[in-house]
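Asks: Model the following, please.
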Amino acid sequence: MPLYYRPIAQTDPARPVDAQPLAGTWAWFTHVEELSRGRAPRVIPAAAVPPDVLGRLTAPRMPVAGLALDNPRIMGILNLTPDSFSDGGEFNSREAAMTQVTRMLAEGAHILDVGGESTRPGAQEVPVDAEIARTVPVIEAIRAAGIDVPISIDTRKAPVARAALVAGAGLINDVSAFTFDTDMPGLAHEAGVPVCLMHAQGLPETMQDNPEYTDVLLDVYDSLETSVARAEAAGIPRARILVDPGIGFGKRDRDNLALIGRISLFHALGCPLLLGVSRKASIGRIGAIPDAHDRGPASAAIGLWALGQGVQMLRVHDTQVHRQMIALWRAAARGQA
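Replies: Alright, predicted model coming up:
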């Protein structure tokens, strides 16, 4: 039976001399939770972890799209869609999109994630030409304005990704982890760009109908491990791969909480971690926040937990709230501004 090793992350300033660094981040650990299917977890010293796994848990991650990952990073969401769950239609025009870009950068976004197809539960697939028409002109406008911030293209489709890369994007964020379009791995290898592989069970149209898992934490881990191996087989080095457990994508509230609560397990994949929970319906249900626009502080609360687990990047709508959260959290942890 396979064993899994989840570092029990800490960020306390009183750090033991034998503490292990967690993925080159601000977090550290002295013990891990050893997990296995069909057996109760047990806590063991970090020194008891197999050397190859310990190496993946402790090794610093390489910069992604030019961003060093030894400090928390904010990915600002730019939805150029009429039907996204919280901001559909708000930034469809080029002028509105550029205003939002300027605002997010001023508020602290380190990278922009540009998307032209909603993947909310129940969303219908958007034709390639329409997705390109929504995203490429805005990416071109960002570059024409002299803005050199990294840009991620949020798409499942290789033609859309290719057009976005030509326009100035530098990272592919694929919510299907290369399962929707089999040309995507070859494109990413050819372009030499980093990728984010997200776990999703099913397609957006039906993914929330009846999601089922044997053990959601280990099932998602195994699926992402397979996705990373598939990308490596296509010539994409692990150093250029981020992973995202896909909160809300074919998952019930209890599944989402199980993943968030033990998210540090995914450091064992040897890749940087990205978490996207911003304004999602599960936050609304758990926090009793019906209006998605009011979920920024609650989203930041989950983000704060994730940063404490060494998650390197947060994908968010409310950039200012998250920048403030990170700044005050870091100051509190250091005991000084």
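Asks: The chain: helices as residue ranges?
Replies: Assigned by DSSP state H, the chain shows helices spanning 51-58, 94-106, 128-144, 158-167, 184-191, 216-233, 253-261, 281-287, 296-308, 319-334.
Asks: which ones are touching the closest residue to Asn71 other than its chain neighbours?
Replies: Once flanking residues are discounted, Asn71 sits nearest to Trp26: 7.4 Å by C-beta to C-beta, 6 or more residues apart in numbering. C-betas here are computed from N, CA, C, even on glycine. Taking C-beta atoms under 8 Å, 6 or more residues apart in numbering, we find Trp26 in contact with 11, 70-72, 307, 310, 330, 333.
Asks: contacting residues for His31?
Replies: Taking C-beta under 8 Å, 6+ apart as the test, what His31 contacts is 8, 43-46.
Asks: Tally up the residues packed near Gly202, please.
Replies: 14 (other C-beta atoms under 10 Å).
Asks: wait, it sits on Pro211?
Replies: Yes. Counting by C-beta atoms under 8 Å, Pro211 is a contact partner of Gly202 at 7.3 Å.
Asks: shared neighbours of these two, anything?
Replies: Contacts common to Gly202 and Pro211, judged by C-beta under 8 Å, 6+ apart, are Gly250.
Asks: Now tell me what touches stretch 323-337 from outside.
Replies: Stretch 323-337 is touched from outside by 11, 13, 26, 72, 74, 107-108, 300, 303-304, 307, with contacts defined as C-beta under 8 Å, 6+ apart.
Asks: Would you mark the buried spots in it?
Replies: 323, 325-326, 329-330 (16 or more other C-beta atoms under 10 Å).
Asks: a markdown table please, covering those and showing pLDDT.
Replies: Formatted as a markdown table, those follow (pLDDT from 0 to 100):
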| residue | pLDDT |
| --- | --- |
| Arg323 | 97 |
| Met325 | 97 |
| Ile326 | 97 |
| Trp329 | 94 |
| Arg330 | 92 |
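Asks: pLDDT score assigned to the most centrally placed residue in the chain?
Replies: When C-alpha atoms, centre = their mean is applied to the chain, the residue found nearest the centroid is Leu274 (2.5 Å). Reading off the confidence values, Leu274 has pLDDT 98.
Asks: Check Ala337 too.
Replies: pLDDT, Ala337: 77.
Asks: how near is it to Ala327?
Replies: 9 Å (C-beta to C-beta, to the nearest Å).
Asks: Likewise for His199?
Replies: 30 Å.
Asks: Low-confidence ranges, the stretch 201-337 of the chain, go.
Replies: 205-207, 209 (pLDDT under 70).
Asks: Please repeat the previous calculation with a cut-off of 90.
Replies: Low-confidence segments of the stretch 201-337 of the chain (pLDDT under 90): 201-212, 333-337.
Asks: just the stretch 1-150 of the chain next, same as before
Replies: Residues of the stretch 1-150 of the chain that meet the cut-off, pLDDT under 90, sit at 1, 38, 81-96, 118-125.
Asks: How are the strands of it distributed by residue range?
Replies: 4-7, 20-21, 28-29, 31-36, 39-45, 73-79, 111-115 (DSSP state E, counting those that start in this stretch).
Asks: What residues sit buried inside stretch 148-167?
Replies: Neighbour-count burial for stretch 148-167 [16+ other C-beta under 10 Å]: 149-165, 167.
Asks: dump the residue contacts of the residue nearest to the centre of the chain.
Replies: Here Leu274 is in contact with 75, 196, 198, 242-244, 311-315 (C-beta under 8 Å, 6+ apart).
Asks: Give the closest residue to Ala133 in space, chain neighbours not counted.
Replies: Nearest non-adjacent residue to Ala133 (C-beta to C-beta, 6+ apart): Gly116, at 7.8 Å.
Asks: Now the one you found, what are its backbone angles?
Replies: Phi and psi for Gly116, reported as degrees, to the nearest 10, are phi -120, psi 10.
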